[in-house]
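J.: One predicted model, sequence on top.
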Amino acid sequence: MTTPTRLRAALGALALALAALALPGSGTAAAQDGTAVPGRYCTVWDSHYSGDRYTFLDERMCLDINSESLINVYLETARNTYYWKGAWYSAAEAYPANFDLEGDVYSGEHLFHFAPSSKLTARSQSKQLVTGGIFKKCGTFVVKSDYHQAGAYRMVSSIDVDQRARSVDVPCALSSENGDAGGVGY
């Protein structure tokens with residue numbers, strides 16, 4: 001192999017390795033020390049029917065991380081609907097869905113617990129559940145939770161989703177030349 005051919009092959013292998021590192025979820029199951037890029041990062045959407053199939057909901061969990069590395073946990077919902085007399089209707093102030101949600105956030109170790117109860121009063125909503133604290137971490141977080149919803153409208157129609165674990169990938173901020181990510185470590 002000539003030198004330019006070897007160089008092209010080595011650069012191609014390096015580019016492939018760097019591309020694999022940039023893929024979401026390609027990291028370890030634990031977050032790593034470092035500063036997260038501020039933003040909202042969410043699990044994939046999950047769809048749920050009640051046992052009697054009269055209530056339907058799409059939901060996902062999100063970690064909202066600000067520039068000071070404060071983590072807030074959100075529940076985002078869509079298509080929060082119920083079936084009545086041949087048609088589907090959306091949750092509303094007059095016909096809310098009441099929920100209980102209990103869970104934990106991990107990054108290789110347990111970070112914090114949350115257990116809010118509230119109501120959903122619209123077809124799609126974003127509800128802040130808890131302010132978890134300041135964590136100088138980025139990478140893959142795991143949100144484990146139980147979700148129970150009564151309604152909308154028909155409070156005897158419930159959605160029950162027991163213990164599940166879902167991943168949230170949070171990108172790391174680029175470090176400066178001296179290795180400091182731009183903040184004070186905790």
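T.: Sure, I can see it. Residues are numbered from 1 along each chain as shown.
J.: what's the weakest-modelled helix or strand in the chain?
T.: Ranked by mean pLDDT, DSSP states H and E, the weakest helix or strand in the chain is helix 3-22, scoring a mean of 41.
J.: tell me which residues of stretch 167-176 are tucked away?
T.: Buried residues in stretch 167-176, defined by neighbour count with 16 or more other Cβ atoms under 10 Å: Val168, Asp169, Val170, Pro171, Cys172, Ala173. For the C-beta atoms, the positions are set from N, CA and C on the backbone; glycine is no exception.
J.: ok, so of these, who is nearest Phe135?
T.: Val170 (9.9 Å; Cβ to Cβ).
J.: Quick check, that closest one in contact with Pro38.
T.: No. Assessed by Cβ atoms under 8 Å, Val170 is found out of contact with Pro38, at 9.9 Å.
J.: Pull up the overlap in contacts between these two.
T.: Ile65 (Cβ atoms under 8 Å, 6 or more residues apart in numbering).
J.: can you give me the strands in the protein?
T.: For the chain, strands defined by DSSP state E occupy the ranges 31-33, 39-42, 46-49, 55-65, 70-84, 87-90, 97-106, 110-114, 117-120, 125-134, 137-150, 158-170.
J.: Which of those has the lowest mean pLDDT?
T.: Sorting the strands of the chain by mean pLDDT places strand 31-33 lowest, at a mean of 75.
J.: Any idea how far apart the tips of stretch 90-97 sit?
T.: Using Cα to Cα, to the nearest Å, one end of stretch 90-97 lies 10 Å from the other.
J.: ok, Thr140 to Val168 distance?
T.: 7 Å (Cβ to Cβ, to the nearest Å).
J.: and what of Asn72?
T.: 13 Å.
J.: and for the two, which residues touch both?
T.: The contact sets of Asn72 and Val168 overlap at Leu63 (Cβ under 8 Å, 6+ apart).
J.: Run a quick neighbour tally on Gly108.
T.: As a burial measure, Gly108 scores 15 neighbours (other Cβ atoms under 10 Å).
J.: how about stretch 136-146 as CSV, C-alpha atoms only?
T.: Extracted as CSV, the C-alpha positions of stretch 136-146 are listed here (Å, rounded to 0.1, in the frame of the first residue of the first chain):
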residue,chain,number,x,y,z
LYS,A,136,-22.2,18.4,36.7
LYS,A,137,-22.9,15.4,34.4
CYS,A,138,-23.7,14.7,30.8
GLY,A,139,-24.1,11.5,28.8
THR,A,140,-26.8,8.9,29.3
PHE,A,141,-29.3,9.3,32.2
VAL,A,142,-31.9,6.7,33.1
VAL,A,143,-35.4,7.7,34.3
LYS,A,144,-37.3,4.9,36.1
SER,A,145,-40.9,5.5,36.7
ASP,A,146,-44.4,4.3,37.5
